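# Below is the sequence, then the predicted model.
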Amino acid sequence: MAKSQTFQDLLIDTPCEGVLRITLNRPDARNALRTQLLGELRDVLMEAVTDESVRCAIITGGPKVFAAGADIREMADKTPVEAMTDSRQACWQVIQDFPKPLIAAVDGYCLGGGNELAMMCDVIVAGAGATFGQPEIKLGMIPGAGGTQRLTAAVGKARAMKAILTGEFMSAQEAFEAGLVSEVSENAQERALDLAKIIAAKSPIALRLAKEAVRRAAEGGLAGGFALERKSAALLFATEDRKEGISAFLEKREPKFKGR
Ligand code: HXC
């Protein structure tokens, strides 16, 4: 039973009836989404699909960081083929396909793959100090888990381009006004739990069909964009600029990109 298992990178609890809470728990690496963490998330969600006691799930992180994106150290030596075929892709697929309502409760940094994870959730509750962004461009990369598509669908081309081409962050309030988050709250954890309780009391069958229909409206036209993004993100693993971007981050210096 996943809920009673101990995980390396996640904390799992049931804060109230019907609600499964998954807490990303790698604070030393700013909750970077390494393969281990994504695999655990996949396992918990797969089990929750068939567990009738789970009516709604919350994904959350720590008070200072929801997740700082893909694990940059883990990506350092990947080839394009490995980036295309590694097990992380299948994990993302399970998260995207989770049929029950998913709420992201976001405090602190929500960046790169972390923001992509939040955008795979159905409702995003942001703490007042939360910060959102897709900083991959600073590493010589681009988002690879749907960020170019979902961010554009959420906030429109003008704001998505600015965020993705500059890597600059958005405050919680900006993200709310742009349509990226559902609500900003002084206490995102409590508010997410309130919403989860409200949702968990509804008919699970109606919830499932409502989620499917809204997702079709929001993402029905994005399949081609997802595929293009995934291939482009993998292709960039072949560039010198990507190596330079990652080295610069790890050495805590500014990168020098050469277009090679
Ligand atoms: C691995 C990470 C990490 C990450 C932080 N760390 N983010 N390790 N992957 N994404 C590590 C740091 O190396 C450091 O390790 C420790 O966590 C603390 O980080 P600091 O930078 O010192 O913390 P802080 O000053 O609090 O700044 C927090 C932060 C910053 C703003 C979140 O860490 C940051 O900008 N992180 C990277 C964000 C990012 O670029 N995300 C996109 C990743 S690419 P040490 O050992 O020094 O203590 C992505 C998709 C790629 O998501 C898709 C390709 C297919």
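Right, received. Where do you want to start? Numbers count the residues shown, from 1 in each chain.
# So what's the gap between the helix or strand that Leu195 is a member of and the chain middle?
For Leu195, the host element (DSSP states H and E) is helix 188-200. Chain-centre distance of helix 188-200: 19 Å, with Cα atoms, centre = their mean, to the nearest Å.
# Point out the other helices and strands that the next helix or strand after it packs with.
Next in sequence after helix 188-200, counting helices and strands by DSSP H and E, comes helix 204-219. In terms of contacts (3 or more Cβ pairs under 8 Å, 6 or more residues apart in numbering; DSSP states H and E), helix 204-219 is packed against helix 147-155. The way it works is simple: take the backbone N, C-alpha and C, and place the C-beta from them, glycine included.
# switch the cut-off to 7 Å
Using 3 or more Cβ pairs under 7 Å, 6 or more residues apart in numbering; DSSP states H and E, no helix or strand is in contact with helix 204-219.
# Can you give the contact residues for the helix or strand just after it?
Sequence-wise, the next helix or strand downstream of helix 204-219 (DSSP H and E) is helix 223-235. For helix 223-235, the external contacting residues (Cβ atoms under 7 Å, 6 or more residues apart in numbering) are 80, 83-84, 141-144, 146, 148-149.
# please redo it, this time with the cut-off set to 10 Å
Contacts to helix 223-235, defined as Cβ atoms under 10 Å, 6 or more residues apart in numbering, come from residues 70, 78-86, 89, 92, 96, 136, 141-150, 152-153, 219, 222, 242.
# any residues touching whatever helix or strand comes next after it, and which ones?
Moving toward the C-terminus from helix 223-235, the next helix or strand (DSSP H and E) is helix 240-250. The contact list for helix 240-250 (Cβ under 10 Å, 6+ apart) reads 72-73, 75-78, 80, 83, 135-142, 233, 235-237, 239, 253-260.
# give me the subset of those residues touching the ligand.
Counting by Cβ under 6 Å from any ligand atom, 72-73, 83, 135-136, 139, 141, 233 from the contacts of helix 240-250 sit close to the ligand.
# Can you flag the buried ones in these?
Neighbour counting by 16 or more other Cβ atoms under 10 Å classes 72, 83, 135-136, 139, 141, 233 among those as buried.
# Quickly name whichever of those is closest to Phe169.
Pro135 (7.6 Å; Cβ to Cβ).
# If we ignore the residues flanking it in sequence, what's nearest the closest one?
Distances taken as Cβ to Cβ, 6 or more residues apart in numbering place Gly167 nearest to Pro135, at 4.0 Å, with adjacent residues excluded.
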